[in-house]
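> below: sequence and its predicted model.
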Amino acid sequence: MELAYIPSPSRSVVHLFGVIPLRGYAFCIIIGVFVAVWLGNKRWIARGGRAGTVADIAVWAVPFGLVGGRLYHVITDYELYFSEGRDWVDAFKVWEGGLGIWGAIALGAVGAWIGCRRRGIPLPAWADALAPGIALAQAIGRWGNWFNQELYGKATDLPWAVKITSSTDGRVPGTYQPTFLYESLWCVGVAFLVIWADRRFKLGHGRAFALYVASYCVGRAWIEYLRVDDAHHILGLRLNDWTAMVVFLLAVTYFVISAKKRPGREEVVEPGAAEDGEADGDGDEKKQTDVSAKADAGDKEASSEAKEAAEDDTTGEKSAADEDSADEDVKDEAESAKKG
């Protein structure tokens, strides 16, 4: 008896004004990108970079990443698009789901490298700043699979099971393991792990990004085991399990070698950013000096006015004293005349 479950949305697309399609999968991807850029920008500034640099490079990385993610999915699941009875045009319908994170990161890195090279920025430093943001983008993006009722796990009656109602493409309605939810929560944990480790150990030269990749692969391996969608198998394991293991080993190897050869963190991540900060600081100091000078000038003027007022008071007192002395002389002369 089903006492509780996560309901699937009745539709994955809503038409605005009855014409413009608004797709849940696309919304999740877009929101994820904005979150990644926002957090990456904050971390980049904290490392000594300029505001807006992360977004400028993301203009290169995101399109490359989308193409790479789609290519990986289409290549590894080519029978969905090029087998008998399938329409190869569907391979271009990204909004219907199907982005491989491995291809997205690989080709997205190429786009990021181009953007970094144009700005004279080291790619590893930029990747470190963006790493936890990418994990959060994945966490948000996985809810696009919920909208499309795809990539769920084995059948279960757990109270947090996801209820699948669609019967298209071979789906069987029922309650299943919500692997999209597991991966979303895992990615949130990865993001916090990278942020904590980066603050605690001052990771640099791409090691924060390597930590993100390695920790994500650990979660992806066990989550992949729960999935029941069609996939290629090698020696009894799904292709993505093998990919996760290989990428995990590469990430750990890079982390260890990088820590030995280039310990610590980059002192300069963006040429000219430090000079801009010093220039701003000089400007503030100059403004403060001008304010102080004006205050001193005002104090001097006030002192001068007070001095003049004091001198006027002294002069007035002297004049009054002279007048009194003159009156006394006149009286003395008058008394002397009477006596004479």
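Thanks, I have the structure now. Numbers count the residues shown, from 1 in each chain.
> wasn't Leu99 part of a strand?
No: read with DSSP: H, G, I helix; E, B strand; the rest coil, Leu99 is coil and lies in no strand.
> list the residues that contact it.
Ile29, Leu66, Gly69, Arg70, Tyr72, His73, Gly141 (Cβ atoms under 8 Å, 6 or more residues apart in numbering). (Glycine included, C-beta is placed from N, CA and C.)
> any idea which of the residues you listed is closest to Gly111?
Leu66 (9.7 Å; Cβ to Cβ).
> strands of the stretch 151-300 of the chain, start to end?
For the stretch 151-300 of the chain, the strands defined by DSSP state E, counting those that start in this stretch cover 162-164, 174-176, 233-234, 237-238.
> let's have the ones you listed in JSON lines, adding mean pLDDT, distance to Lys260 and mean neighbour count.
Putting these into JSON lines (pLDDT from 0 to 100; distance: least, Cβ to Cβ, whole Å; neighbours: other Cβ atoms under 10 Å) gives the following:
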{"stretch": "strand 162-164", "mean pLDDT": "95", "distance to Lys260": "45", "mean neighbour count": "19"}
{"stretch": "strand 174-176", "mean pLDDT": "95", "distance to Lys260": "45", "mean neighbour count": "20"}
{"stretch": "strand 233-234", "mean pLDDT": "88", "distance to Lys260": "33", "mean neighbour count": "10"}
{"stretch": "strand 237-238", "mean pLDDT": "90", "distance to Lys260": "32", "mean neighbour count": "17"}
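> nearest to Gly24, of the ones you listed?
The nearest among these, by Cβ to Cβ, is strand 162-164 at 14.5 Å.
> partner strands of the closest one, with direction?
strand 6-7 (parallel), strand 174-176 (antiparallel) (DSSP bridges).
> you'd agree Arg86 is up against Leu80?
Yes: contact criterion Cβ atoms under 8 Å: Arg86 and Leu80 qualify, at 6.5 Å.
> can you pull out the helices in the stretch 201-340 of the chain?
For the stretch 201-340 of the chain, the helices defined by DSSP state H, counting those that start in this stretch occupy 207-226, 239-261, 273-339.
> actually the stretch 51-200 of the chain, sorry about that
Under DSSP H, counting those that start in this stretch, the stretch 51-200 of the chain gives helices at 53-76, 79-82, 101-119, 123-141, 143-147, 179-201.
> could you say which of the ones you listed is packed most deeply?
helix 123-141 (a mean of 25; mean count of other Cβ atoms under 10 Å).
> mean pLDDT added to the helices of the stretch 51-200 of the chain, as JSON lines?
Putting the helices of the stretch 51-200 of the chain into JSON lines (pLDDT from 0 to 100) gives the following:
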{"stretch": "helix 53-76", "mean pLDDT": "94"}
{"stretch": "helix 79-82", "mean pLDDT": "85"}
{"stretch": "helix 101-119", "mean pLDDT": "95"}
{"stretch": "helix 123-141", "mean pLDDT": "97"}
{"stretch": "helix 143-147", "mean pLDDT": "92"}
{"stretch": "helix 179-201", "mean pLDDT": "97"}
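> closest to Pro271 out of these?
Using Cβ to Cβ, the helices of the stretch 51-200 of the chain put helix 101-119 closest to Pro271, at 8.6 Å.
> rewinding a little: which one of the strands paired with strand 162-164 lies closest to Val35?
Per Cβ to Cβ, nearest to Val35 of the strands paired with strand 162-164: strand 6-7, 22.3 Å.
> who touches that closest one?
Trp146, Trp160, Ala161, Val162, Lys163, Pro178, Leu181.
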